[in-house]
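1. Sequence below, structure please.
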Amino acid sequence: MQHRTTIHVANQEDLVAAKLGIIKPEEVRQLTIKDALVDTGATRLSLPQSIVDSLGLTPTDTTLVHTTNGVVTRTLYSPVQFTVLGRKGIIEVSSVPDNVPVLVGHMVMELVDLNVSVTDGLIHNPAHGGERTEYQL
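-> Alright, predicted model coming up:
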C-alpha cells in the first residue's frame, strides 16, 4: 500500500543567508511537493536531480544505497529545511533519477516524530499523544 504526503523543502543555506540579510527572503529557493512517496524502505529524503538543481543544493559526499536494482552510488547534497504535517526539520538529501518520485524516508519521519499508519498514511506518533517528542542518548 502506497502512502503519499505533501512536503515543503527550502535550501537551508538560503534560509541562513536571508536571516543574515545577505539575500532577500523571496530569493530563498524552495518548493512544495504534493505527492511525495512515504517510503519506509528509504533512509533519507531523496529528491529527483531536477529538484536538487532547482533548489541550488551543493554536493557534499557520496553514499552507497541498496535499491531493488542492486547497490548504487548516490550523491549527498547540502541540507534542506523540510516541513511535513506541520513539523519542521533539517536534513541532508540524496539525489535520485528524475523518473523516481520524491521519497520521504524513515530518517525524515524520525526527525519529526511521525509514523506510518496502514489505514491513515503518515500521522503524528500516536504513542506521544500527537506531541512531537525527540529521543536523546
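2. Return the set of residues that bridge with the closest residue to G121 other than its chain neighbours.
-> In this structure, G121 finds its nearest non-sequential neighbour in H3, 3.8 Å apart by Cβ to Cβ, 6 or more residues apart in numbering. (C-beta placed from N, C-alpha, C; glycine too.) In this structure, H3 bridges to V38 when assessed by DSSP bridges.
3. contacting residues for H3?
-> Each residue near H3 by Cβ atoms under 8 Å, 6 or more residues apart in numbering is listed here: L37, V38, V116, G121, L122.
4. From what I see, the second one and I123 are in contact.
-> No. With contact taken as Cβ atoms under 8 Å, V38 and I123 are classed as non-touching, separated by 10.3 Å.
5. need the strands for the protein, in chain order.
-> 3-11, 30-38, 45-48, 59-67, 70-84, 87-96, 103-104, 114-117, 121-124 (DSSP state E).
6. check contacts around the most centrally placed residue in the chain.
-> Residue closest to the mean C-alpha point of the chain, counted by Cα atoms, centre = their mean, is L45 at 3.4 Å. By Cβ under 8 Å, 6+ apart, the contact list for L45 reads 7, 9, 80, 82, 91, 93-94, 102-105, 107-108.
7. Let's see that with 6 Å instead.
-> I91, V93, V108 (Cβ atoms under 6 Å, 6 or more residues apart in numbering).
8. how far away is the last one from A18?
-> In this case it means V108. In this view, V108 and A18 are 23 Å apart by Cβ to Cβ, to the nearest Å.
9. More neighbours: which of the two?
-> Between V108 and A18, counted using other Cβ atoms under 10 Å, V108 has the larger neighbour count: 27 against 17.
10. What sits closest to the more buried one if chain neighbours are left out?
-> L45 (5.1 Å).
11. Tell me how far Y77 lies from G105.
-> Per Cβ to Cβ, Y77 is found 14 Å from G105.
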